[in-house]
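In: what follows is a predicted structure for the sequence shown.
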Amino acid sequence: MKSINRLKKNYQYNYVYKHAQSVSDKNFVMLYCVSNVKVTKVGFSVSKKYGKAVMRNRIRRQMKAAVAAKISQIKDGYNIIFIPRKNQSYLFAEITESFDLLLHKADLIL
RNA sequence: AGAGACAGUCGGACGGUUGCGUGGGGCAACUCACGAGGAAAGUCCGAGCACCGCAGAGCAAGAGUGCAGGCUAACGGCCUGUGAAGGCGACUUUAAGGAAAGUGCAACAGAAAUAUACCGCAACGGCAACGUUGUAAGGGUGGAAAUGCAGGGUAAGAGCCUACAAACGUUUUGGCGACAACGCGUUACUGUAAACCCCACUCGGUGCAAGAAAUGAGACAAAAUGCCUGCUCGGCAUCUCGACAUAUUCGCUUGAUACUGUCGGUAACGACAGCAGUAGACAGAUAACCGUCUAUUACAGAACUCGGCUUACAGACUGAACUCUUACA
RNA sequence: GCGGAUAUGGCGGAAUUGGCAGACGCGCUAGACUUAGGAUCUAGUGUCAUCGACGUGGGGGUUCAAGUCCCUUUAUCCGCA
């Protein structure tokens, strides 16, 4: 995942939280909104309640890997945040499946 | 053979595809090197470093430490000892100064809780009930009742006397010392300091979001305001200020570094020589998937850096041959 | 990163300087009253092998005695930026 495709600043996250529409399934929540830049930026948020640092890092990396595989298929000009809901570990395939579903629901796939 | 005790190590490996961070090379495409832990954790201590001018002086308050000697940059850490407690033993554990400076507290029970005489025992008086005196053996209460036990002694008793033991004080000897051994004296002074306190020693504050540079916006032309944690003294800054905003650069990683050997030391550790490599991000890299190895791996993720402590931990392994029990020779 | 607080029956919340743990309120259970329900009144209500023992988030320690003092640990909450 390229550095340009990431959400970086706290104010960027706050903007998305304020203006976002949300889509969710039983495992993940996806927040998205239209950006004023042409590039799509993706961020990940894992709460402290999810687990200890190792658990949080692992789910974040898996999510990153899942998004990196599809970044070329996603429409340009959106800010997206993914949040895991449950306190459990996932298989990589489950994550990919969920993300596909969510992106289709939100109609962000080219 | 069984059961223990001690010291320590590792903590997945290899291959494939696709990726990430930092640094080097290259005009570029790209390529090369390196890339989490023993606890990175908890934040319980100690330092470095930075700023508060130097980190200052005195007083007060507050906090911490508490057997001895040593090690260390320092420490509340470590080592070797001493005492005490536990274990048949190898060995383990230990906040272990002062209760004879003072204050407080000790419920209930019990006659009495730091001072005493309820029952009792004995003598004397009395017909008797009982009284007076002596006593602290025995009884019961309690965590604790003027050391325990045996003999002598006595009206009954009592360290009143003696032996053994206990506690305390002390001469001598040994030890750097904590302390130990022997002798002598005494039998008083309940416990609690992890209650206040006393004694000895230590401690200025804030923390890398410290702080320095840069850019931009803004404010003020004011001698009073702010800072050095309370008070007193003493001092500093303000003709620019400047975390108000940006998060661009620095701080940022080679350090009281690890390993190996020799020497010194019981050891912690030190000296010398050799050799080894070096995460440094800023929404934050070290990954995703697959295959093989019996295999779905424990606890767990650096954020300025070190030294400790504490806590968590699947499984695998090593050393010295240290103790006890049983069997056989 | 730095700093602070809390934890007691089913719930809220007491317990003085260490001295009988569960005061008080809510809830729950049973009974009374009522045709019935509500309200009201009365009694009970931590666990167990029920003499008694164990119980204040978990584990140790000091003390004759610990909810209270000390150490350690877990969870939750809050503050600074």
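Out: Great, that's in hand.
In: and residue A:43, how close does it get to residue A:92?
Out: Going from residue A:43 to residue A:92 by CB to CB, to the nearest Å gives 20 Å. Backbone N, C-alpha and C define where each C-beta goes, glycine included.
In: sorry, wrong one. I was asking about residue A:41.
Out: In this view, residue A:41 and residue A:92 are 23 Å apart by CB to CB.
In: check residue A:67 too.
Out: The gap separating residue A:67 from residue A:92 is 12 Å, by CB to CB.
In: now swap in residue A:23 and tell me
Out: 21 Å.
In: and residue A:68, by the same measure?
Out: 12 Å.
In: now do residue A:16
Out: Using CB to CB, residue A:16 is found at 25 Å from residue A:92.
In: same question for residue A:30.
Out: Using CB to CB, residue A:30 is found at 18 Å from residue A:92.
In: over to residue A:40?
Out: From residue A:40 across to residue A:92, the span is 22 Å (CB to CB).
In: what does chain A put close to RNA strand B?
Out: Residues of chain A lying close to RNA strand B (CB under 7 Å from any atom of the strand) are A:1-3, A:6-11, A:13, A:43, A:45, A:52-54, A:57-58, A:60-62, A:64-65, A:68, A:91-92.
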